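Participant: Okay, here's the prediction I keep looking at, along with the sequence it came from:
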Amino acid sequence: MKRMKMRRFLLVAIFAGSLMTSCSEDMDDVIDDDVLVERENVEIEDFIYRGMDEIYLYKPDIPELADDYFDSEDDYYDFLVSWDTPEDLFDEGLVAPQDRFSYITDDYIELENSFSGISETTGVDYRLYLFSNSDDIFGVVRYIVPGSNAEGTAIKRGDLFTEINGETLNRNNYRSLLSSPSVTFTLAEINDNAVSNTGEEVTIATSEVTENPVLIQNVIETDGLKIGYLMYNSFVADFDQQLNDAFAYFASENIDHLVLDLRYNGGGRVSSATALASMITGSYTGEIFAKQQWNEDYQNYFLATDPDRLFNYFTDDLPGEIALNQLNLTDLYVIGTSSTASASELVINGLKPYIDVYLIGHTTTGKSQASVTLYDSPNFGPTNANPDHTYAIQPLVYESVNANDIVVPYDGIDPDVESYESLSDLGVLGDPSEPMLAAAINAITGNTSEAQAMTRQREFNYQEFKERASLQPNYKRMYIDELPSLRLDQ
């Protein structure tokens with residue numbers, strides 16, 4: 001029995017109910033040897049399977065997603081019910097080993113908020129590190145989110161913390177402690193590569209914050225050059241206008257070069273990445289910024305029905321025919337780190353066939369795939385989503401390559417000038433003396449000896465662990481605006 005026919009039969013059997021029970025019960029009664037057996041509710045599991053079966057990039061690598069894998073509806077049901085939770089089915093049963101970024105959530109409202117830059121946070125952005133040979137953790141404050149409860153408190157960039165709410169941070173408790181409604185940071189300092197508490201405490205309540213990803217924009221004048229500096233922390237379409245306004249400022253200042261600081265930018269919406277790349281250049285409207293490579297079924301479907309769907313093109317406007325402010329630059333200097341991922345890497349890779357792109361910092365994450373949100377609805381869109389639950393899945397659906405068919409390496413993009421943030425001296429973001437920005441400026445001006453002197457080495461006593469964004473559902477994700485015209489087994 002073909003799986004599509006079998007799956008439709010299962011849905012009718014479970015959700016209509018052969019005994020004409022209420023459709024809200026989501027169960028079927030099956031008679032076997034005169035014993036009445038109630039089937040378990042697999043409504044969510046069925047949605048997850050159907051979504052992955054429909055559009056997952058790595059579908060060919062999952063045997064259970066093969067068209068002839070199940071012989072009957074009972075085999076299919078037995079597979080779905082064999083998993084303890086929907087998360088187990090998704091993470092352990094349907095996600096390929098090479099997939100580091102597909103995601104499931106039981107609260108798609110939180111996911112949607114994260115795509116708009118909305119989160120419950122103290123406003124303290126941090127990176128966590130593991131102590132050597134220990135499960136204990138300490139954090140380093142990277143910046144304070146403007147407009148958050150942390151703004152104006154005693155905590156600032158460069159501060160360290162080892163305890164939250166009186167408990168020492170470790171691998172097992174960091175998530176729950178840092179997600180508390182009220183967070184008390186026990187501050188620490190680093191001296192001679194040793195971390196110790198100062199005894200100072202700062203308590204901050206969380207609140208819902210909408211974070212503008214355009215954190216800093218300024219112009220630095222040095223050696224007769226005007227260098228624009230933009231710190232951009234997430235590709236959030238709701239703030240595309242603010243991004244465009246930043247480029248209006250750079251255009252009015254007639255800058256010669258641009259330093260794009262993506263050191264903390266884990267990615268976001270593809271359309272925003274395309275717009276940013278188009279603002280930087282301005283000379284390639286209508287040319288290919290990126291190519292999409294879907295699974296075989298969808299690739300062939302788009303080639304037959306809408307081949308233009310497989311390309312992202314440089315543009316000269318935002319939705320609503322809002323003209324982009326474009327700089328027509330021929331080079332770009334990007335500050336990147338291990339936190340730099342997905343849409344950030346898309347910008348770097350997509351621009352390389354057209355202009356000179358230099359990476360200052362260290363190797364990026366290495367994520368070239370885009371995802372899309374699937375809801376439990378007839379066409380997997382948000383309209384008419386099943387009201388009985390708020391599960392959604394965010395599977396990888398295509399891999400992106402640039403106009404020269406080059407993909408972002410799985411191990412990340414290596415820097416042209418290697419530099420690390422020093423935990424003992426992070427510097428002031430946007431200040432020309434901040435070490436990573438100074439390295440970028442020196443690369444622009446050709447002061448190679450000074451650039452080398454400003455290069456900071458990694459402090460090997462501590463291992464990078466997690467960062468604030470890793471507690472959010474859109475962490476290191478590159479996603480498309482909306483579902484494509486689905487094939488739905490046509």
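Facilitator: Perfect, I can see it now.
Participant: switch to C-alpha atoms for all contacts and neighbour counts from now on
Facilitator: Fine.
Participant: Could I get the full set of strands for the stretch 101-250 of the chain?
Facilitator: For the stretch 101-250 of the chain, applying DSSP state E, counting those that start in this stretch gives strands covering 103-105, 118-121, 124-130, 137-144, 160-164, 167-168, 182-191, 194-205, 207-210, 214-222, 225-232.
Participant: what comes up buried for the last one?
Facilitator: For strand 225-232, burial by neighbour count (16 or more other Cα atoms under 10 Å) applies to 226-232.
Participant: what's the answer for the longest one, then?
Facilitator: Burial within strand 194-205, assessed by neighbour count using 16+ other Cα under 10 Å, is assigned to 195, 201-205.
Participant: Determine the angle, from 0 to 180 degrees, between it and strand 160-164.
Facilitator: 60 degrees (axes from the mean of the first three to the mean of the last three Cα atoms, to 10 degrees).
Participant: if we can go back for a sec, quick one: which of the buried residues of strand 225-232 is nearest residue 187?
Facilitator: Residue 187 lies nearest to residue 231 out of the buried residues of strand 225-232, by Cα to Cα, at 26.2 Å.
Participant: still on that earlier bit, quick check: of the buried residues of strand 225-232, which lies closest to residue 214?
Facilitator: Residue 214 lies nearest to residue 232 out of the buried residues of strand 225-232, by Cα to Cα, at 4.7 Å.
Participant: show me the contacts for the residue lying closest to the closest one once chain neighbours are set aside.
Facilitator: Using Cα to Cα, 6 or more residues apart in numbering and skipping residues adjacent in sequence, the residue nearest residue 232 is residue 214, 4.7 Å away. Listed by Cα atoms under 8 Å, 6 or more residues apart in numbering, the contact set of residue 214 reads 230-233, 239, 242-243.
Participant: In JSON lines, list those residues along with pLDDT and distance to residue 143.
Facilitator: JSON lines is the format used below for the contacts of residue 214 (pLDDT from 0 to 100; distance: Cα to Cα, whole Å):
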{"residue": "230", "pLDDT": "98", "distance to residue 143": "15"}
{"residue": "231", "pLDDT": "98", "distance to residue 143": "11"}
{"residue": "232", "pLDDT": "98", "distance to residue 143": "13"}
{"residue": "233", "pLDDT": "97", "distance to residue 143": "11"}
{"residue": "239", "pLDDT": "96", "distance to residue 143": "19"}
{"residue": "242", "pLDDT": "98", "distance to residue 143": "20"}
{"residue": "243", "pLDDT": "98", "distance to residue 143": "19"}
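Participant: Which single one of the residues you listed is nearest to residue 136?
Facilitator: Using Cα to Cα, the contacts of residue 214 come closest to residue 136 at residue 233, 27.8 Å.
Participant: Can you report phi and psi for the closest one?
Facilitator: Backbone torsions of residue 233, given as degrees, to the nearest 10, read phi -110, psi -10.
Participant: and it, how far is that from residue 473?
Facilitator: Distance of residue 233 to residue 473, computed by Cα to Cα, to the nearest Å: 16 Å.
Participant: circling back: dump the buried residues of strand 225-232 into JSON lines; add distance to residue 321 as well.
Facilitator: Formatted as JSON lines, these follow (distance: Cα to Cα, whole Å):
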{"residue": "226", "distance to residue 321": "30"}
{"residue": "227", "distance to residue 321": "29"}
{"residue": "228", "distance to residue 321": "26"}
{"residue": "229", "distance to residue 321": "27"}
{"residue": "230", "distance to residue 321": "24"}
{"residue": "231", "distance to residue 321": "26"}
{"residue": "232", "distance to residue 321": "23"}
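Participant: farthest pair in these?
Facilitator: With Cα to Cα as the measure, no two of the buried residues of strand 225-232 lie farther apart than 226 and 232, at 19.1 Å.
Participant: circling back to that earlier point, which of the strands of the stretch 101-250 of the chain sits closest to residue 268?
Facilitator: Shortest distance between residue 268 and the strands of the stretch 101-250 of the chain, using Cα to Cα, is found for strand 225-232: 11.4 Å.
Participant: and that closest one with strand 214-222, angle?
Facilitator: Using the same axes, to 10 degrees, the direction of strand 225-232 lies 170 degrees away from that of strand 214-222.
Participant: Report the strands that pair with strand 225-232, each with its relative direction.
Facilitator: Counting by DSSP bridges, the strands paired with strand 225-232 are strand 214-222 (antiparallel), strand 257-261 (parallel).
Participant: The residue nearest to residue 187 when sequence neighbours are not counted: what's it in contact with?
Facilitator: Spatial nearest neighbour of residue 187, excluding adjacent residues (Cα to Cα, 6+ apart): residue 161 at 4.3 Å. By Cα under 8 Å, 6+ apart, the contact list for residue 161 reads 138-140, 185-189, 197.
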